[in-house]
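[1] Have a look at this prediction, sequence included:
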Amino acid sequence: MAMNCSYHPDREAVGACVNCSKLVCDECRTVSGGKIYCASCADKMLLGKVETGVGKPEEEQATQVVQEMVVQRLVEGKNTKKIVKELVKGGWSQESATQFVISTEQQFKQSPEGRQVLASKYKRGMIYGLLWVAGGTIATVATEGQWLFWGAILFGIFDFFRSFFGWVKYR
């Protein structure tokens, strides 16, 4: 009999959280140090609140999970200030949270995986920019040359070039 995810009852579980023993599907799990965590426990580790059975934080493992979560949030497009605020909310000092996020961001941007993720993000941005230009141009032609949609065209041009320079930097 297959066991289902605690968060998604319609999905089959791929493992159990080492902290709370909740069953998790592939989407819900966070793997750190070869161990599986549910989203809730991973977030608690991010905020420095997960403790082991003896009541002491696992510093190295917690740091690795926090780094993974910071990278995940950077990939999602969150800016560093929001990530720092999240860590400060969890009990970090402003200075240590800022240093940690900046350091993690620099390591991520220098890694081959990070460069690949950022290059593909900027490549998508170029495509979206071109779509804005095309849509604005089509709408302008459809309105018999009235420049009602010049904003979309300008936004598309700006977005394309902003993304192009980012793509060149990280490819």
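    Nice, I can see it.
[2] where in the protein is pLDDT low?
    Residues of the chain meeting the criterion pLDDT under 70: 1-2, 33, 45-62.
[3] longest helix of this protein?
    In terms of residue count, the longest helix belonging to the chain (DSSP state H) is helix 112-142.
[4] Please state the offset of that one from the chain centre?
    Put simply, helix 112-142 sits 19 Å off its chain's centre (C-alpha atoms, centre = their mean, to the nearest Å).
[5] Report the buried residues of it.
    Buried residues in helix 112-142, counted by 16 or more other C-beta atoms under 10 Å: 114, 117-119, 122-123, 125-126, 129, 132-133, 136, 140. Yep, even glycine has a C-beta here, placed from its N, CA and C like the rest.
[6] For the residue of the chain most remote from its centre, grab phi and psi.
    Within the chain, the residue lying farthest from the chain centre (C-alpha atoms, centre = their mean) is E144, at 42.5 Å. For E144, the backbone dihedrals (degrees, to the nearest 10) come out as phi 60, psi 40.
[7] cool, the one 10 residues further on as well?
    Main-chain torsions, L154, degrees, to the nearest 10: phi -60, psi -40.
[8] Run through the helices of the chain in chain order.
    Assigned by DSSP H, the chain shows helices spanning 39-46, 59-75, 80-89, 94-110, 112-142, 150-170.
[9] Make sure T104 is actually in contact with Q67.
    Yes. Counting by C-beta atoms under 8 Å, T104 does reach Q67; the two are 5.1 Å apart.
[10] export the helices of the chain to a markdown table and tack on distance to A13?
    What follows is the helices of the chain, written out as a markdown table (distance: least, C-beta to C-beta, whole Å):
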| stretch | distance to A13 |
| --- | --- |
| helix 39-46 | 13 |
| helix 59-75 | 20 |
| helix 80-89 | 28 |
| helix 94-110 | 30 |
| helix 112-142 | 27 |
| helix 150-170 | 36 |
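[11] Deepest-packed of those helices, please.
    Highest mean neighbour count among these (mean count of other C-beta atoms under 10 Å): helix 39-46, with a mean of 21.
[12] Which strands and helices lie in contact with that one?
    strand 30-32, helix 59-75 (3 or more C-beta pairs under 8 Å, 6 or more residues apart in numbering; DSSP states H and E).
[13] The longest one packs against which elements?
    Counting contacts by 3+ C-beta pairs under 8 Å, 6+ apart, helix 59-75 packs against strand 30-32, helix 39-46, helix 80-89, helix 94-110, helix 112-142.
[14] Could you export the ones you listed as a markdown table, including distance to F149?
    Output for those, formatted as a markdown table (distance: least, C-beta to C-beta, whole Å):
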| stretch | distance to F149 |
| --- | --- |
| strand 30-32 | 43 |
| helix 39-46 | 41 |
| helix 80-89 | 32 |
| helix 94-110 | 36 |
| helix 112-142 | 4 |
